[in-house]
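> Starting from these lines, generate the structure:
(one chain, ligands or ions: 1)
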Amino acid sequence: MVPCARKQVVFVMSRISGDKASPRIPTRNDKMRVPLWMLLLAVAGKGLWLVVRWGFRHRVAVAVVVGLLLFVHRFGPLGLAALAGGLFLVTVVWSRLHPRSCAWAGRWLWGRTRLAFIYRWRWRAAMVHTDLAIRMPMSTGDQVTFDEYFPRIRTIRSTRAVDTLRVELLPGQTPEQWAGQGEALRHVFRARRCQVQAETFRFVRLHFHRRDTLTRPVTPADLDSTDAGPGDADPDPADVDSDRAPVHAAYARLVAGLSAVPVGRCEDGSAWTLPVRGTHVLVAGATGAGKGSVLWSLLRGLGPAVRAGLVELWVCDPKGGMELAFGRAMFSRFATTTDTIADLLDDAVPVMQDRTARLSGVTRLHTPTVGEPLIVLVVDEIASLTAYVTDRELKKRIGAALPLLLSQGRAPGVVVLAAVQDPRKEVLPFRDLFPVRVALRMTEPDQADLVLGSGARDRGARAEEIPLSLPGVGYVLRDGNPDPIRVRAAFIDDDEITRTVHTYRPAAPGGWVPDLDAFTGHDPDDVPDRLDDAA
Ligand SMILES: Nc1ncnc2c1ncn2[C@@H]1O[C@H](COP(=O)(O)OP(=O)(O)OP(=O)(O)O)[C@@H](O)[C@H]1O
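Numbering: from 1, shown residues only. Reported below is the predicted structural model:
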């Protein structure tokens, strides 16, 4: 019984193999008698046809292998070694003379090699087993056959970490169908992750990530080049053409920088920045996911503008100051208890309303100046203020102030930067009032959708799969694009926080700078003075 069952399994496996272009299902037995030689001839002919067809499908791989075999046959293994050595030498010389074109050619060759030996090799089987090939039953009277249509790979781009295939959809297919098969495709092509990105029409891009480029901690960006002097920040039009023009260029650079504050690095190696001016930012992640590093990266990135007086940090740390107290000297206001936080929020509301009344009809977005800086309200663990407050009176005050600030504060320059562990609506009812959201490691698969919007997980934001060993890694949406980008925040350690606070603490009115040297152990000569430091 057992061998028979095994035979049956083998038969079924071969039947469903995706390499079979047209499986046949006989509808009645053949009755014609043929001589044996004719049968053997037919089998041999069919075998030859299958070999030719297979060779044509894998023509590049076959040509390379046959070419190499012929070369070895003609010149022997030494000849092959000489060929490899010659190619190596040419590559070295080329890369010295023109590294860009050499790198481009290397990537092209690498992509074609992976296309021939990996993607085309397993493509048909993968398409059949994931239902991405289309099969249409055809009847020839004697038997039912299937016409099969396979999506075509149009281009491939390969780097050391990722292969990007541009694939043409078959009629009737949608990018969502492909996104649903991302996990299966990743296993077929042995990638760490497969992300499906839709083009406007007809094409999808499959990103097969082979290596994780974010395993090493990210070093914080160099801010000093964008730094500007302080009292220089209120531009006087009369000065623009004068020798103070560079100062105003520095001012403009600082204001522009508020729309792209450096936070860390994206998976493709580019800088990860987040806007702070004109928006609210929510960072969500389980405990230990690295929310602190995103907050600190943003605070650090705002440092030059804080020192210049263009930004005021109003900070609430409901965890008793555990996370943010280190930065106290940089903050204009700092509250750690529920009642002082309620006071702080209550104070922010009239500032916002006053600005709104003055700017209404004048501008649609407040421009920070030293006289009227951007107020960044930082709230660590915002759920402590929305869901876990027990005092009814305080809960009512906070529940009134927060939604007001979130719904009206962006334009007049009172913005909120908050972190939360649990992104559910019951815990954070105003979640949707944050236009910019970051999903770090989550505990549940559906939480990435709660943070980034429905469908984000299918498009690749598998936040629950981020390993515990990679704090600071997460997903964001950029420029209104629905496809999530994997990012990692820079690691800001205690020394860097101390340096940041020491360097960028705002000057008190009149130019007095609090003396932190004893506290931080820094040499005061190393620290630029807020008032003397020109742009
Ligand atoms: N970007 C990062 N790169 C490397 N290590 C990081 C990064 N961010 C955080 N870590 C490490 O992970 C640990 C937890 O980070 P962090 O305290 O920021 O998490 P959290 O999400 O704020 O947690 P909780 O909600 O419990 O406060 C820290 O001790 C830190 O050493």
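
> and the longest helix seen in the chain, what does it pack onto?
Looking across the chain with DSSP state H, the single longest helix is helix 59-97. Applying 3 or more Cβ pairs under 8 Å, 6 or more residues apart in numbering; DSSP states H and E, one finds that helix 59-97 contacts helix 99-114, helix 120-129. Placement of C-beta: from N, CA and C, glycine included.

> Most tightly packed of those helices?
Ranked by mean neighbour count, these are led by helix 120-129 with a mean of 19 (mean count of other Cβ atoms under 10 Å).

> what angle separates it from helix 59-97?
Here helix 120-129 runs at an angle of 130 degrees relative to helix 59-97 (axes from the mean of the first three to the mean of the last three Cα atoms, to 10 degrees).

> going on from helix 120-129, what's the next piece of helix or strand?
Counting by DSSP states H and E, the next helix or strand C-terminal to helix 120-129 is strand 134-139.

> Going by neighbour count, list what's buried in the helix or strand just after that following strand.
Of the helices and strands lying after strand 134-139 in sequence (DSSP H and E), the nearest is strand 143-149. For strand 143-149, the neighbour count (16 or more other Cβ atoms under 10 Å) marks 145, 146, 148 as buried.

> Could you export strand 143-149 as CSV, keeping only the C-alpha atoms?
Taking Å, rounded to 0.1, in the frame of the first residue of the first chain, the C-alpha atoms of strand 143-149 are listed here in CSV:
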residue,chain,number,x,y,z
GLN,A,143,-9.3,16.2,-24.4
VAL,A,144,-9.3,19.3,-22.3
THR,A,145,-6.1,21.3,-22.3
PHE,A,146,-5.1,24.6,-20.7
ASP,A,147,-3.8,27.7,-22.3
GLU,A,148,-1.4,29.3,-19.9
TYR,A,149,-0.4,32.9,-19.7
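
> Strand partners (parallel or antiparallel) of that strand?
If you go by DSSP bridges, strand 143-149 pairs up with strand 25-26 (antiparallel), strand 134-139 (antiparallel).

> secondary structure class for residue 265?
At residue 265 the chain is in strand, as set by DSSP: H, G, I helix; E, B strand; the rest coil.

> if we can go back for a sec, tell me the angle of the longest helix of the chain relative to helix 99-114?
160 degrees.

> Make 237 the starting number, not 1.
Sure, I'll start counting at 237 from here, so that last one is helix 295-333.

> got the residues of this structure near the ligand?
Within the chain, the positions lying close to the ligand (Cβ under 6 Å from any ligand atom) are 453, 521, 523-529, 559, 657, 707-708, 724-725, 727.

> do that again at 5 Å, thanks
By the rule Cβ under 5 Å from any ligand atom, the part of the chain lying against the ligand is 453, 523, 524, 525, 526, 527, 528, 529, 707, 708, 725, 727.

> What is the nearest of these to residue 683?
Using Cβ to Cβ, residue 525 comes nearest to residue 683 of the residues of the chain next to the ligand, at 10.9 Å.

> mind checking how far the residue of the chain found nearest the ligand is from residue 500?
Proximity of the chain to the ligand (Cβ to the nearest ligand atom) peaks at residue 708, 2.2 Å away. To residue 500, residue 708 is 7 Å away according to Cβ to Cβ, to the nearest Å.

> Give me the common contacts of those two.
454, 529, 530, 724, 725, 726 (Cβ atoms under 8 Å, 6 or more residues apart in numbering).

> Present the residues you listed as TSV; the columns should include pLDDT.
As requested, the shared contacts of residue 708 and residue 500 are arranged in TSV below (pLDDT from 0 to 100):
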residue	pLDDT
454	93
529	94
530	95
724	96
725	96
726	95
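
> And the buried ones among the residues you listed, selectable in PyMOL?
Buried members of these, defined by 16+ other Cβ under 10 Å, are picked up in PyMOL with:
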select buried, resi 454+529+530+724+725+726
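
> Quick one: the shared contacts of residue 708 and residue 500 as CSV, columns for secondary structure too.
Output for the shared contacts of residue 708 and residue 500, formatted as CSV (three-state DSSP):
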residue, secondary structure
454, strand
529, helix
530, helix
724, strand
725, strand
726, strand
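
> Which pLDDT does the model give residue 242?
On pLDDT, residue 242 comes in at 46.

> Report how many residues lie close to the nearest residue to residue 420 once chain neighbours are set aside.
Distances taken as Cβ to Cβ, 6 or more residues apart in numbering place residue 366 nearest to residue 420, at 4.9 Å, with adjacent residues excluded. Residues contacting residue 366 under the criterion other Cβ atoms under 10 Å number 18.

> Neighbours of residue 717, how many?
Neighbour count for residue 717, taken as other Cβ under 10 Å: 10.

> meant to ask about residue 492, not that
By the criterion of other Cβ under 10 Å, residue 492 has 11 neighbours.

> tell me which element it falls in.
Assigned by DSSP H and E, residue 492 falls within helix 481-493.

> Ranked by average pLDDT, which of the strands paired with strand 379-385 falls at the bottom?
For the strands paired with strand 379-385, mean pLDDT drops lowest on strand 261-262, to a mean of 60.

> Quick one: name whatever helix or strand follows it.
helix 272-293.

> quick check: angle from that next one to helix 295-333?
Using the same axes, to 10 degrees: helix 272-293 against helix 295-333 is 20 degrees.

> how far does helix 272-293 sit from the chain's center?
50 Å (Cα atoms, centre = their mean, to the nearest Å).
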